[in-house]
Every structure is written in structure tokens, then in C-alpha cells.
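Peer 1: Quick one, what's the 3D model for this:
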Amino acid sequence: MFSKTAPVTESAPDVVVPAALVPISHLALDLDVPPNDWAAFLAARNIEITLDDIGRMSVSRVAARQLLTEQREAEVRRREKAAELERQAVERDRAWRAQLGGGIPANAIPDGVAPAAAMLQAAVDARPRRTSVLQEALAGEALTFHPIGPAAAEE
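Peer 2: Presented below is the predicted three-dimensional model:
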């Protein structure tokens, strides 16, 4: 039944040996399909499309390697750009958080007091206060003159 051997056929002269070619359908597994067409995409890069021994559109292995290398380099650039954008976003977030007020803990707000009022009072309490004459005297510091009225006109 299977004792006959298949007849030997020679390739057409315009067909390239398949080992030297990569079918475009195989490239499409690893590369994103161009928006217009493979033919236009490859023609823009001066890559020739040839038919392999079974009639598939193919490119040379060198061209396929070039396309895959371009894709890898584009992915590296994309990752670097994404990392830079992430770093910038983190930096902007840190700067924004640094501008925010510290606020006060929730358990420090008395019952019946609005949170805004409690935060305003905490801000007033946090301001430095002048020391009284008695405190200065007890600390052994020189007395500071604090005028009560408007400043005297300079002569």
C-alpha cells in the first residue's frame, strides 16, 4: 500500500528555500499586527516579501530578526518611560502630601465640636506665645519691653 515513494519535485526558480524565510503569519504571533497592512508596513522599512515553497508570504530571517529586535527595544523604551512616569507621579504625590496640614487625631476632637473648629483651635494653640514678664524674670532673662499702644513717632 505505501510501498511507492513520492515523486521528487523541484522547487520553482522564484521560490526561496524555506529555511531562509520566516512566514509573516509566524511573525504575527510575536509582533503586533500593523494598523494598515503587513505589506505597507514592510515596504516602509524596505523589507521584501517573498513567497516560500508552499506559497506563504514570508520575509528573510535577517529581516525577521531586525523586526523582533526593534520590538524588544520598543518594549524596553516603553517600560523605561512607564517607570519614569511612575517616579514623577510618586514625586508629585509626595510634594502634594507635604503641603497638606498635619491635622489632629480624631480622638482629640471633643464631642459636639466641629472638626474644622478643633483644627483651627489646634493651629492657634501651636503658635509660639510671648512669655510673660514673670516668666522672663524667673528664667533669669532680661526683661523685654512690649509697647501696648501705637509705635511712637520717630523724631
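Peer 1: For Val22, pull up the helix or strand it's in.
Peer 2: Secondary structure from DSSP states H and E places Val22 in strand 21-23.
Peer 1: Correction: the previous question concerned Leu67.
Peer 2: helix 61-99.
Peer 1: lowest-confidence helix or strand of this structure?
Peer 2: Least confident helix or strand of the chain, by mean pLDDT, DSSP states H and E, is helix 133-139 with a mean of 82.
Peer 1: Alpha carbons of that helix, as PDB, please.
Peer 2: In PDB, the C-alpha atoms belonging to helix 133-139 read as follows (Å, rounded to 0.1, in the frame of the first residue of the first chain):
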ATOM      1  CA  VAL A 133       7.200  89.400  82.400                       C
ATOM      2  CA  LEU A 134       7.100  87.000  85.400                       C
ATOM      3  CA  GLN A 135       8.300  84.000  83.300                       C
ATOM      4  CA  GLU A 136      11.200  86.100  81.900                       C
ATOM      5  CA  ALA A 137      12.200  87.200  85.400                       C
ATOM      6  CA  LEU A 138      12.000  83.700  86.800                       C
ATOM      7  CA  ALA A 139      14.100  82.400  83.800                       C
END
